[in-house]
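Undergrad: Quick one: sequence and predicted model below, then my questions.
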Amino acid sequence: MVIDFHVCPSIDLSIIKDRLSSVGVSKVVLQPIDALPLFHILPNNYNLLKELVSEDEYGALLWSKFVIKLTSMWSSAMYDNMKLWYEAMNHDRNFFIPFASINPALGIKYVAEKLNELSSLDVRGLVVSPTLQLFNPLETKAFRSILEYVEGKNMLLVMHLDPCPYSVSTCFKGLMPSALIDILERYSINLVLSALGISESMAYPWLESVSRLVRRYDRIYVETSGISCILFNTQMGKRFLKSIGAERILFGGGYPYLRLRQVIKGISCVERSGLPRHDIEAVLHDNAAYLLRIIGLSEGSNDEDITNMKKTTVAF
């Protein structure tokens, strides 16, 4: 069995279930991204796009076009947390685990409204992406509200730290994992780092930075979408695995951002890595199952959530 910790709910969920269950996936974590190409309404205090414009105007243009093209293909479930939760529960509450996403770049008031919305859903994970949502994790005040909420609710924070996406050569400075030390010193949170979208040229320095971070903090996990074969089939990746241990790795397929054949290849790279069988099973299933349990999700918990949600709806 495989728990896929990174699936993008950008297409119909029935297609996602049919495709991934056909290759041995038994449960998926849905990772939305609250990102829309609304650059003109971002607060004026700070955002990554302004920083990039000042340093590389052409790079900023390429990046904005990349975000617009990517988000234009998304369904509304990628940025509507309520819609995603209901769709996941109605399709298959035992197959889908819907996380939520809130864009800190849209300001403190927006974040507060979205966090209040989540209270009725009992979502156990939040996803952010500085490069797609255009915020600086260290300087955006609204992000602190998210960190405090995640810490207080014992939730999981998933961060996409991809400073150099595949299709854009420009890198955002300060988005390497080592930049998170200040946050991890201040907040006691369970954190998953994702490299989906990172360029191959940045894989080595990214992994070096992650390695130092994971060895220092024991509540950090690395999700493999986009880098599974680098991790399990290269000397660089194997050194990384040896340095942090297989118990800190979560398999992520990245479907449908990554094609199904790439997901299959990623699973195959883990299976043929030469690791002991118990390590392979840990990466593909057991680590994710453990992490979901410690944030309050267990087998059948979604059934209880949907029942409670229906009672709340009737009460209103």
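TA: Everything's here; your move.

Undergrad: Only C-alpha atoms from now on, for both contacts and neighbour counts.
TA: Fine.

Undergrad: Sheet-wise, list the partners of the helix or strand where residue 191 lies with their directions.
TA: Secondary structure assignment for residue 191, by DSSP states H and E: strand 190-194. Under the criterion DSSP bridges, strand 190-194 sits next to strand 156-160 (parallel), strand 220-223 (parallel) in its sheet.

Undergrad: how about the strands in the stretch 201-316 of the chain?
TA: With DSSP state E, counting those that start in this stretch, the ranges of strands along the stretch 201-316 of the chain come out as 220-223, 249-250.

Undergrad: Could you single out the most deeply buried of those?
TA: Highest mean neighbour count of the strands of the stretch 201-316 of the chain: strand 249-250, a mean of 28 (counted as mean count of other Cα atoms under 10 Å).

Undergrad: Pairing partners for it, with directions?
TA: strand 220-223 (parallel).

Undergrad: Report the rounded mean pLDDT for the partner strand.
TA: Averaged across strand 220-223, the pLDDT comes to 96.

Undergrad: show me where pLDDT drops low in the stretch 151-300 of the chain?
TA: 166-167, 169-170, 173-174, 299-300 (pLDDT under 70).

Undergrad: What segments of it are helices?
TA: 181-186, 203-216, 228-233, 235-244, 260-271, 277-281, 287-294 (DSSP state H, counting those that start in this stretch).

Undergrad: Distance to residue 62 added to the strands paired with strand 190-194, as a markdown table?
TA: Formatted as a markdown table, those follow (distance: least, Cα to Cα, whole Å):
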| stretch | distance to residue 62 |
| --- | --- |
| strand 156-160 | 19 |
| strand 220-223 | 27 |
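
Undergrad: Just tell me which of those ends up closest to residue 276.
TA: Residue 276 sits nearest to strand 220-223 of all the strands paired with strand 190-194, at 19.1 Å, using Cα to Cα.

Undergrad: Show me the contact partners of that closest one.
TA: The contact list for strand 220-223 (Cα atoms under 8 Å, 6 or more residues apart in numbering) reads 5-6, 190-195, 213-214, 248-252.
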